[in-house]
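Peer 1: could you work out the structure for the sequence below:
(chains A and B)
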Amino acid sequence: MLESAPLGRRNHVSGPMDLYLPVANLSVNALVIVLLGGGVGFLSGMFGVGGGFLTTPLLIFYGIPPTVAAASAATQVTGASVSGVMAHLERDGVDLRMGAVLVAGGLIGSLIGAGLFELLTAWGQIDTTINILYVVMLGSVGAIMGRESLGALRAAKSGLPAPARKRRHHPMVANLPLRWRFYRSGLYISPLAPLLLGMAVGILTMLLGVGGGFIMVPAMLYLLGMGTQVVVGTSLFQILFVTIATTMVHAMTTGAVDIVLAGLLLLGSVTGAQFGARFAQKVRPEYLRLALAAIVLLVALRMGIDLFIRPEEIYTVQ
Amino acid sequence: MRRLGALILALAALALPAAAQAADPRLVPDVSNRTIDIQYSFTGEELLLFGAILYPGQRLPDDRADIVVVLKGPVRPIVLREKQRVAGIWVNASSIRLRTSPGFYAIGSSRPIDKLVDERTAAIFELGLNNLSMSPSGFSEARKLERFETGLIDLYRRIGLFYENSAAVEISEGVLYRARIPVPARVPVGTYRAETYLISRGRVLAVASRDVQIRKAGFERFVALAAQRHGFLYGLTAVLLSLVLGWGASAIFRRR
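Peer 2: Numbers count the residues shown, from 1 in each chain, chains lettered A, B, ... in the order given. Take a look at the predicted model:
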């Protein structure tokens, strides 16, 4: 486990809300963690994302060791996605066959991720890798999302309909061998494509503690060419099972899941999500997407700057 | 037989310097807590190290003696990494392995250490942060080693795992001493040693020590042990907790 000076907690004054985290081995302000979970939950309910991509960096900024942050954030995403999955299942909005292939890929991915995690920790490069992955992923996804929602807003203003994207899978996907029918998604493609996608996202879940919905949804739409009505439900389905798997893998390999931390985050996020979902119904979706893009880009920017400025701690103990 | 007897005598003299010099005083040390339990609200604690100096014949010497107290945590092997700028970004570029790095070290004294003993004595008794022997493994140049040790000391001082205070010990009437040592929330668990040194005219006259247990207790102990030993069940519990909380919240809100 890594030890570093917590950024915001150098002059920590103990108060009544302090709680000791038995796995992270430090005490935190319980209220701050619950509120952090609540804020992330609000956003995740509003945008329909798991919110892991916000939880992990925020916990690291707060002073939680990166490994514990990633492992416990994955546990929180499970809780954030379960009600969504159930709602989508009721509405028949999940392609179970596609979901099963994605989950299978995700399980393989989380095991590969565990191996990578161990290797990178031994080399001392896990933190930098987590940082760079965040910057690249969030930066590109945020930029694409921002451009699209700006385009949609401009189109809405000029009164013309936004140029419709052709629903078709990527030529690379068409070249893969073996073909299965995915009825709910309206696809006849190789199962290797979703398997590989699931694997990639599984690795990210293990390393970063993210559900990966913000990568999964665009990839399902533009790479696989899935029908929009099952995209969100199927993505949530995969997220639910893969975050469960990564929690288990973390618990059995790194031992970095802090159940107290995860519980506090969950308390905040599950309630926050309900309010977020309600709030989302009152706002136009283009603005929602633009706001999400801005948040994603801000997190990427903050982590990007951290790579280049001299860190507060030059030395770390492992 | 005579040689053996001489050897035993010599060993006894080495092992019991106080006995060999009958005029030397003795220390009777104690600590405020023999065990420190880390529990849910643990945000650190202050440990009181106190005791009495017993002079032979109960006569105080003319010049005042000084007291140094040391609280030392269990040693463990660590890898210490140093970040450097590589191609514009800061990454861990260099590292050393220290086989006996204490997870906690606090030293308090009645006067600055360098005024009490010379460097050699301080090094022998490991008095002061710069005198900790951390057994670096493998060969590394002295300057690099020094740079890393300075880095570690600086880091640990700021997070409270290393502590140095040359005014921590208060001696009253020349015979009773007391010192408060802050123990932060992130201390490693294990058996700690609270050592007391009586020093006069550059010489260590007496040493005494007490063990202190720092351990997780109650729920925290249960959780930490479960996470270490029963990973599968622990993970399953975490998953169930998140499923129940996630599903429960939506069920409650839907009913409204």
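
Peer 1: just give the number of residues close to A:Arg179.
Peer 2: Each residue near A:Arg179 was counted by other Cβ atoms under 10 Å in any protein chain shown, and the total is 12. For every residue, glycine as well, the C-beta is placed using N, CA and C.

Peer 1: so it makes contact with A:Tyr188?
Peer 2: Yes. The criterion here is Cβ atoms under 8 Å, and A:Arg179 meets it with A:Tyr188 at 5.8 Å.

Peer 1: where are the low-confidence patches of chain A?
Peer 2: A:1-16, A:48, A:159-175 (pLDDT under 70).

Peer 1: just give me the neighbour total for whatever residue of it ends up closest to chain B.
Peer 2: Here the residue of chain A nearest chain B is A:Ala251; by Cβ to the nearest Cβ that distance is 2.9 Å. For A:Ala251, the count of nearby residues is 27 (other Cβ under 10 Å).

Peer 1: for the closest residue to it other than its chain neighbours, give me its contacts.
Peer 2: Excluding its sequence neighbours, the residue lying closest to A:Ala251 (Cβ to Cβ, 6 or more residues apart in numbering or on different chains) is B:Gly235, at 2.9 Å. Counting by Cβ atoms under 8 Å, 6 or more residues apart in numbering or on different chains, B:Gly235 makes contact with A:247-252, A:257.

Peer 1: need those residues in JSON lines with secondary structure, can you?
Peer 2: Listed next are these as JSON lines, based on DSSP: H, G, I helix; E, B strand; the rest coil:
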{"residue": "A:Thr247", "secondary structure": "helix"}
{"residue": "A:Met248", "secondary structure": "helix"}
{"residue": "A:Val249", "secondary structure": "helix"}
{"residue": "A:His250", "secondary structure": "helix"}
{"residue": "A:Ala251", "secondary structure": "helix"}
{"residue": "A:Met252", "secondary structure": "helix"}
{"residue": "A:Val257", "secondary structure": "coil"}
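
Peer 1: which of those residues ranks first by neighbour count?
Peer 2: A:Thr247 leads these on contacts (other Cβ under 10 Å) with 31 neighbours.

Peer 1: who's in contact with it?
Peer 2: Here A:Thr247 is in contact with A:71, A:74-75, A:78, A:257, B:235, B:238-239, B:242 (Cβ under 8 Å, 6+ apart).

Peer 1: how about a cut-off of 7 Å?
Peer 2: A:74-75, A:78, A:257, B:235, B:238-239 (Cβ atoms under 7 Å, 6 or more residues apart in numbering or on different chains).

Peer 1: buried residues of the longest helix seen in chain A, list them for me.
Peer 2: If you go by DSSP state H, chain A has its longest helix at helix A:126-158. Residues A:126-135, A:137-139, A:141-142, A:145-146, A:148-149, A:152-153 are the ones in helix A:126-158 that count as buried (16 or more other Cβ atoms under 10 Å in any protein chain shown).

Peer 1: which parts of the stretch 51-200 of chain A sit against chain B?
Peer 2: A:75-76, A:78-80, A:82-83, A:124-125, A:128 (Cβ under 7 Å from any Cβ of the partner chain).

Peer 1: now the most centrally placed residue in chain A: closest residue in space, sequence neighbours ignored.
Peer 2: Central residue of chain A (Cα atoms, centre = their mean): A:Val210, 2.9 Å from the mean position. Nearest non-adjacent residue to A:Val210, counting by Cβ to Cβ, 6+ apart: A:Gly52, 3.9 Å away.

Peer 1: which residue packs closest to B:Pro188, ignoring adjacent ones?
Peer 2: B:Gly103 (3.6 Å).

Peer 1: coming back round to it: helix/strand/coil for the residue nearest to the centre of chain A?
Peer 2: With three-state DSSP as the basis, the three-state label of A:Val210 is coil.

Peer 1: hmm, back to that, mind listing which of the contacts of A:Thr247 are in helices?
Peer 2: Those of the contacts of A:Thr247 lying in helices (DSSP H): A:74-75, A:78, B:235, B:238-239.

Peer 1: give me the neighbour count for B:Asp114.
Peer 2: 12.

Peer 1: pLDDT at it, what is it?
Peer 2: pLDDT, B:Asp114: 87.

Peer 1: same check on the one 4 residues further on?
Peer 2: In this model, B:Asp118 is scored at 89, pLDDT.

Peer 1: same check, this time on B:Ala122
Peer 2: 89.

Peer 1: okay, and it sits in which element?
Peer 2: Taking DSSP states H and E as the definition, B:Ala122 sits inside helix B:119-124.

Peer 1: hang on, isn't A:Ile189 packed against A:Pro177?
Peer 2: No. With contacts counted by Cβ atoms under 7 Å, A:Ile189 stays clear of A:Pro177, the gap being 11.0 Å.

Peer 1: I'm done for today, thanks for sticking with me.
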